[in-house]
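Colleague: model the following, please.
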Amino acid sequence: MESIVETLGLTARALSTVELDGRPAWCTSLSRTFPTQAGDLWDALTNPDRIPRWFLPIKGELRVGGSYQLEGNAGGTVEACDPPRSFRVTWVMGERPSWLTVTLRPEGPGTLLELEHVGHVPEEFWSRYGPSATGIGWDLSLYGLATHLATGADSDPARFAALLASPDGVAFVQGSAQAWQRVDVAAGARAARTVAFYTGQDESPQP
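Modeller: Numbering: from 1, shown residues only. Sure thing, here's the model as predicted:
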């Protein structure tokens, strides 16, 4: 399996604006092909017993209309589900909602995962951090998912924290920030601030 830094090149990233509730909103997009069948990838993404093995513990009812809560992270409501092709959920941290849509498509012997995260972002927050604040988190999540799919290993928070603090982990965060900077020409200073946050040198970027 590729090193953590090398995996950055396996993900395509995009940034766009869309209309949401009559106002412009930011859409952060990622796509990556995983060497597994759609059913296995779908199970890793939606099975409440399996999600904690690569992401975070989760509570709730993972069905249309049901609510969920990720431990120490976002919660929301399942708005749509079409197994094993796509699902859409609200993604709420604090009081500000956003929307997450995940789509799976056959891609050769594997499965292409497309993720879109859409929401209104306060101008002050966007001006300071840009897309890296959300993008780095999703890059780290896709790395955790890929590691689980490739090895079957469960996520170990202590081991992951140690990895993130290692030279390879810092290089991954820096590489992710640079990748997001390339899709947002105005993101130079914001990406640097976000690297400082993820590597423990700055306070948490809260929208």
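Colleague: tell me which helix or strand the residue most central in space within the chain sits in.
Modeller: In the chain, the centroid-proximal residue (CA atoms, centre = their mean) is W138; its distance is 2.2 Å. Assigned by DSSP states H and E, W138 falls within helix 132-151.
Colleague: the nearest residue to the residue nearest to the centre of the chain once chain neighbours are set aside sits in which helix or strand?
Modeller: In this structure, W138 finds its nearest non-sequential neighbour in L30, 5.4 Å apart by CB to CB, 6 or more residues apart in numbering. In this view, the C-beta of every residue, glycine as well, is placed from N, C-alpha and C. Assessed by DSSP H and E, L30 sits inside strand 23-34.
Colleague: related to what we said a few turns ago, quick check: the residue nearest to the centre of the chain vs G65, distance?
Modeller: Distance, W138 to G65, using CB to CB, to the nearest Å: 25 Å.
Colleague: what does M93 give?
Modeller: Remark: distance between M93 and G65 (CB to CB) = 21 Å.
Colleague: settle it for me: which of these two has more neighbours?
Modeller: Legend: neighbour count by other CB atoms under 10 Å for M93 and G65, higher for M93 (15 against 9).
Colleague: quick one: pLDDT of the more buried one?
Modeller: Per-residue pLDDT puts M93 at 89.
Colleague: rewinding a little: residues contacting the strand holding L30, please?
Modeller: With contacts defined as CB atoms under 8 Å, 6 or more residues apart in numbering, strand 23-34 is touched by 10-19, 41, 107-108, 110-121, 126, 131, 134-135, 138-139, 142, 145-146, 149.
Colleague: partner strands of it, with direction?
Modeller: strand 12-20 (antiparallel), strand 110-119 (antiparallel) (DSSP bridges).
Colleague: and V173, which of these is closest to it?
Modeller: Nearest to V173 among the strands paired with strand 23-34 is strand 12-20 (14.6 Å), distances taken as CB to CB.
Colleague: now do the buried residues in the closest one.
Modeller: By neighbour count with 16 or more other CB atoms under 10 Å, strand 12-20 contains the buried residues 13, 15.
Colleague: got it, and stretch 178-185?
Modeller: Those would be 178-181, 183-184, for stretch 178-185 by 16+ other CB under 10 Å.
Colleague: go on, stretch 157-167?
Modeller: Here stretch 157-167 shows L164 as buried, counting by 16+ other CB under 10 Å.
Colleague: equivalent analysis for stretch 137-146, please.
Modeller: By 16+ other CB under 10 Å, the buried positions in stretch 137-146 come out as 137-140, 142-146.
Colleague: ok now that stretch, how far from the chain's centre?
Modeller: Relative to the centre of its chain, stretch 137-146 is centred 6 Å away, using CA atoms, centre = their mean, to the nearest Å.
Colleague: how about residues contacting that stretch?
Modeller: 1, 4, 7-8, 10-11, 28, 30, 32, 34, 44-45, 54-55, 113, 115, 117, 155, 160, 164, 172, 176, 179.
Colleague: repeat the analysis, applying 7 Å as the threshold.
Modeller: Stretch 137-146 is touched from outside by 4, 7-8, 11, 30, 32, 34, 44, 54-55, 115, 117, 155, 176, with contacts defined as CB atoms under 7 Å, 6 or more residues apart in numbering.
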